[in-house]
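[1] Pasted the sequence and its predicted model underneath.
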Amino acid sequence: MQETVKQKMNQMKLFGMQQAYHNLIENNQQQNLTNDEFINLLIQAEWEEKENRKITRYLKAAHFRYQASVEEIDFQANRNLDKTTVLRLTDCSFIKRKEDLLITGPTGVGKSFMVSAIGHQACYNGFKVLYFNAQKLFSKLKMAKADGSYFKEIGKIERCDLLIIDDFGLQPLDSYNRNTLMEIIEDRHGRKSSIISSQLPVASWYDVIGESTIADAILDRLAHKAHRLEIKGESMRKFK
């Protein structure tokens, strides 16, 4: 009967429950449990297995630049990072409130690592995340426009809980990319959260975006109520 039960669990894809059941029987621990404890243990094992698989899917789908964790963030270096502020962001409550985060600072100070760490934490907290380098995002959407998959791709971006656009502003936006960014920000404003990192201060983003009317519209939605981290200091790559 035990083998039949395990086979049925496997057929129903109750892999966590199956493994917990196998371990209990193998170690003869079920005799020390009440029926309620036994059932609760199996259900808890299955729940944890499904949660772990979901997190693994979310991490894979996000395509992060770095494998980064909050615990690895260096608060010792002189980078203008307030630990309390950063840890409040990593609890991901800003995502629940549909708020945005803008991270600026010179090259090499850890912006990409920071956004990746926050993104990883968001996945662990059950949020769907997409990470893009800004230029690669715009190139991807241009190609999608050409092959007819644009609305599918823009739909994925619209639905994710947290969109991360890294290295924004390395090149001025042309008319197509400007309108694409406007569409993305408009779709997400007040509905989902975004993180944008840039070497340039936010005041310089007007020049990057170009065309004042669209720049005003984008930054009005992004900048005025967003959380901000302004990282300072020398490139950390010098010390590696």
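    That came through fine.
[2] hang on, isn't residue 173 packed against residue 181?
    Yes. Counting by C-beta atoms under 8 Å, residue 181 is a contact partner of residue 173 at 6.6 Å. In this view, the C-beta of every residue, glycine as well, is placed from N, C-alpha and C.
[3] Name the residues contacting each of the two.
    138, 209 (C-beta atoms under 8 Å, 6 or more residues apart in numbering).
[4] Wasn't residue 132 part of a helix?
    No. Residue 132: not assigned to a helix; according to DSSP: H, G, I helix; E, B strand; the rest coil it is strand.
[5] Show the contacting residues for the closest residue in space to residue 159 that isn't next to it in sequence.
    Closest residue to residue 159 apart from its sequence neighbours, by C-beta to C-beta, 6 or more residues apart in numbering: residue 128 at 7.3 Å. Taking C-beta under 8 Å, 6+ apart, we find residue 128 in contact with 58, 61, 159-162.
[6] Select from these every entry located in helices.
    With helices taken from DSSP state H, the overlap with the contacts of residue 128 comprises 58, 61, 159.
[7] just the buried members of these?
    Neighbour counting by 16 or more other C-beta atoms under 10 Å classes residue 58 among those as buried.
[8] Just name the closest of the ones in helices among the contacts of residue 128 to residue 98, please.
    The closest of the ones in helices among the contacts of residue 128 to residue 98 turns out to be residue 159 (C-beta to C-beta; 13.4 Å).
[9] do you know how far the closest one is from residue 179?
    Separation of residue 159 from residue 179 (C-beta to C-beta, to the nearest Å): 20 Å.
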